[in-house]
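A.B. asks: could you work out the structure for the sequence below:
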Amino acid sequence: MKLALGEEWALGGPIGGGGFGTVYEAESAAGVRAAVKLVPKAPGTEREMLFTNLDGIRHVVPVIDSGEYDDNWVLVMPRAEKSLRDHLNQAGPLPLSEAVAILTDVAQTLDDLKGRDIVHRDLKPENILLLNGHWCLADFGLARYAQAATAKQTFKGWGTFAYMAPELWNNQRASSASDIYALGVLAHELLEGATPFTGPSETDIADQHRHSSPPQLTTAPPLLAMLITECLYKAPQARPATGNVLARLQTIPGANLTGGLAALSKANEAVVVRRAEDDRRASQHASEAERRQALFESAKVSFGFISDTILAAIRSAAPSVDVRPGSLGGWTVRLDNAQLTLPSPSEVPPEIWRSDQTPAPFDVIASAIIKLQIPANPYGYQGRSHSLWYADAQTEGDYRWFETAFMNTPFRPVAHSTEPFALAPQQEARTAISTTVGVYQVAWPFMPLALGELDEFIERWATLLAQGASGQLGRPSQMPERAPKGSWRV
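C.D. replies: Model (predicted):
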C-alpha cells in the first residue's frame, strides 16, 4: 500500500502498536526507511496531530511527514533502533551509569515539554525509543497542553496502569508532576527490573498507587534513592520540578559518598523504609485537609533526608562532636561551648498562618528552626536561628523547604540576644513578609533547600558552629546580611 502525503510512502508489515494506532514499517521513494503510524479517526484521537511540530524539544521522535488516509490520521517518523522495552527485555536491570543516562535524556525532554505546557501522560518504556544515540520520547496520543480548555474527549484517567500517578487514578487533572511520577516508576524499573506496583488486578494496582509505599530500592546510591522517593510522592505538589530532577540526575555519576556520609547511607536503609511508610499514608484526595496532610507527610520525608545529610557532614568533619537526639526527634550537636540544634518539623495549621486582616502571599505546610547557641558574649549576644518552612514560597503549588530569618525593624531599636532570629509561621511572620509595616522584617532571603544541593547551607552552618566553638562568633555587622527582597512571591 502506498500513502501520498508530503512524500509518497510504501507501507510494509506492522512493527507494533502505539497508543490508539498501529505502526508499520515504510520506505519513501528516495529510499528513506521510516515508521508510519495510522490512528483511526475517533473522538479525541486528533489530539496526536497537535504535536507534529516539537522543534526545540530535546529527545523526541520527530514527525517527518503527516496527513490523512481514508479514516486514519497518519504520522511518519524515523525508524528507531529499538524501544526501551526491547532493551530491558534483553538486558534486564541496568547498570547505574546506563540507567542515569536514560533518565537524564527523558528528564531533559520532560523539562522542555513543561516549558511548552505539554503533559505527555503516557511515559513508559514502550514509548521511549533509541534514536541517533539518545533515548527519545514518542507517542503523544494522550498528551495535552496543560492549560488547554477541557475537550469533549479528554481521555482523563487513560494511561498505562503501572505508570499512572495517584491523581490520575483519582480522575484528577494531569500535570507535569504526573509525568515526574511516571519517571520515578521508570527509574525504579530500570534499576530493580520491575515497576514498584504490580497488582495483579487493576483494582490492586490502583490501590497500591494511591496508598502503598514503593518497595525499598536495593541498587540506587543515596542521592538517587532520595530523588526517586520524591518523584513517587503521592501528593503531586510535593514532587520535584522537572528542572530540579534534571539538575540532580546530572550530579549522580560523581556523587559517591565517603566517610560519614557513606556510613550514614548504610545505616539509613531502615529509616528510608519507615519514612516511605509515612508518605504512603498521605494519599492525595479531594479535600483540603487531606491535601495538606499528604504534603506534610512528604515534608517530613524530605526533611529527614536533609537533617541526616547535615548531621553526617558535621560528624565527618568533626568526629568529636557530642550528638544528642532531641526529645521529640531531631538532634543537637555540641562542640565545646557551641550548640547547634535541628528539631523535627511541626505541622502548620492553616488557620494560624492565614488571616483576613493580613493575607498570606503563599502557603506554609510545616516548619522547623535551626539554632546555634553560644554563651553570652560581653555584648549579650548568644547566637542566631533561622526558620525552615515547607512552603510554595516562590512558585504557586511548588512546595519545597526554604530557609529564611527575621530581624527587628529599624523603627524598633531593640537588641536581641539572638540575631537574626527565627519566627514560627504565625501573625508576626506573616506581617513581616507582607506590605504591612510591623515590628519585624525579613532578614534573610527565602533560599530553597534542595536535596543534593545542600553544600552552601552545610558549609555556612559548619562555619558558624566552628566560630561559636572558637569564641569568634559575633553579632552580624549589618542587617539584613543578604538582600531578601524578591525572594518570595507576593
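A.B. asks: can you list the domains in the protein?
C.D. replies: Split into domains by automatic domain parsing, the chain comes to 2-78, 82-286, 320-469.
A.B. asks: just send those back as JSON lines, with mean pLDDT and distance to residue 485 too.
C.D. replies: Bear in mind the C-beta positions are built from the backbone N, C-alpha and C, glycine included. Putting those into JSON lines (pLDDT from 0 to 100; distance: least, Cβ to Cβ, whole Å) gives the following:
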{"stretch": "domain 2-78", "mean pLDDT": "82", "distance to residue 485": "34"}
{"stretch": "domain 82-286", "mean pLDDT": "82", "distance to residue 485": "23"}
{"stretch": "domain 320-469", "mean pLDDT": "91", "distance to residue 485": "8"}
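A.B. asks: turn those domains into a markdown table, columns for distance to residue 310 and mean neighbour count.
C.D. replies: Conversion of the domains of the chain to a markdown table gives the following (distance: least, Cβ to Cβ, whole Å; neighbours: other Cβ atoms under 10 Å):
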| stretch | distance to residue 310 | mean neighbour count |
| --- | --- | --- |
| domain 2-78 | 35 | 17 |
| domain 82-286 | 11 | 19 |
| domain 320-469 | 6 | 17 |
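A.B. asks: does residue 29 touch residue 8 like I think?
C.D. replies: Yes. Taking contacts as Cβ atoms under 8 Å, residue 29 lies within contact range of residue 8: 5.2 Å.
A.B. asks: of all the domains of the chain, which one is nearest residue 292?
C.D. replies: For the domains of the chain, distance to residue 292 was read as Cβ to Cβ. The smallest value, 6.1 Å, belongs to domain 320-469.
A.B. asks: take the domains of the chain and write them to JSON lines, including distance to residue 304.
C.D. replies: Formatted as JSON lines, the domains of the chain follow (distance: least, Cβ to Cβ, whole Å):
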{"stretch": "domain 2-78", "distance to residue 304": "33"}
{"stretch": "domain 82-286", "distance to residue 304": "5"}
{"stretch": "domain 320-469", "distance to residue 304": "8"}
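A.B. asks: for residue 313, find the nearest of these.
C.D. replies: With Cβ to Cβ as the yardstick, what comes closest out of the domains of the chain is domain 320-469 (4.9 Å).
A.B. asks: end to end, how far does the closest one reach?
C.D. replies: Its first and final residues considered, domain 320-469 spans 12 Å by Cα to Cα, to the nearest Å.
A.B. asks: next: stretch 461-479.
C.D. replies: The first and last residues of stretch 461-479 sit 18 Å apart, counting by Cα to Cα.
A.B. asks: go on, stretch 231-240?
C.D. replies: Distances were taken as Cα to Cα; on that basis the terminal residues of stretch 231-240 are 6 Å apart.
A.B. asks: residue 480 is nearest to which of the domains of the chain?
C.D. replies: Shortest distance between residue 480 and the domains of the chain, using Cβ to Cβ, is found for domain 320-469: 4.3 Å.
A.B. asks: run the chain-centre distance for that closest one.
C.D. replies: Mean-position distance between domain 320-469 and its chain equals 23 Å (Cα atoms, centre = their mean, to the nearest Å).
A.B. asks: where does the nearest residue to residue 235 once chain neighbours are set aside fall, phi/psi-wise?
C.D. replies: Across the structure, with Cβ to Cβ, 6 or more residues apart in numbering as the measure, the residue nearest residue 235 apart from its sequence neighbours is residue 294 (3.8 Å). In terms of degrees, to the nearest 10, the main-chain angles of residue 294 are phi -60, psi -40.
A.B. asks: you'd agree residue 361 is up against residue 442?
C.D. replies: No. Residue 361 lies out of contact with residue 442 (Cβ under 8 Å); the separation is 11.8 Å.
A.B. asks: residue 383 and residue 10, how far apart?
C.D. replies: With distances defined as Cβ to Cβ, to the nearest Å, the gap from residue 383 to residue 10 amounts to 78 Å.
A.B. asks: what of residue 178?
C.D. replies: 39 Å.
A.B. asks: re the thing from before, the residue nearest to residue 235 contacts residue 238, doesn't it?
C.D. replies: Yes. Between residue 294 and residue 238 a contact is recorded at 7.3 Å, counting by Cβ under 8 Å.
A.B. asks: list residues touching both of the two?
C.D. replies: Here residue 294 and residue 238 have no joint contacts, going by Cβ atoms under 8 Å, 6 or more residues apart in numbering.
A.B. asks: re the thing from before, so what sits against both of residue 361 and residue 442?
C.D. replies: In contact with both residue 361 and residue 442: 433, 488, using Cβ under 8 Å, 6+ apart.
A.B. asks: thinking again about what came up before, the residue nearest to residue 235: neighbour count?
C.D. replies: For residue 294, the count of nearby residues is 24 (other Cβ atoms under 10 Å).
A.B. asks: and the pLDDT at it?
C.D. replies: According to the per-residue confidence, residue 294 scores 85 in pLDDT.
A.B. asks: what's the answer for the one 10 residues further on, then?
C.D. replies: Reading off the per-residue confidence, residue 304 sits at a pLDDT of 91.
A.B. asks: doesn't it belong to a helix?
C.D. replies: Yes. In this structure, residue 304 lies within a helix as judged by DSSP: H, G, I helix; E, B strand; the rest coil.
A.B. asks: from residue 393, how far out is it?
C.D. replies: When residue 304 is compared with residue 393 (using Cβ to Cβ), they lie 21 Å apart.
A.B. asks: residue 185 now?
C.D. replies: Looking at residue 185 against residue 393, where the rule is Cβ to Cβ, the gap reads 29 Å.
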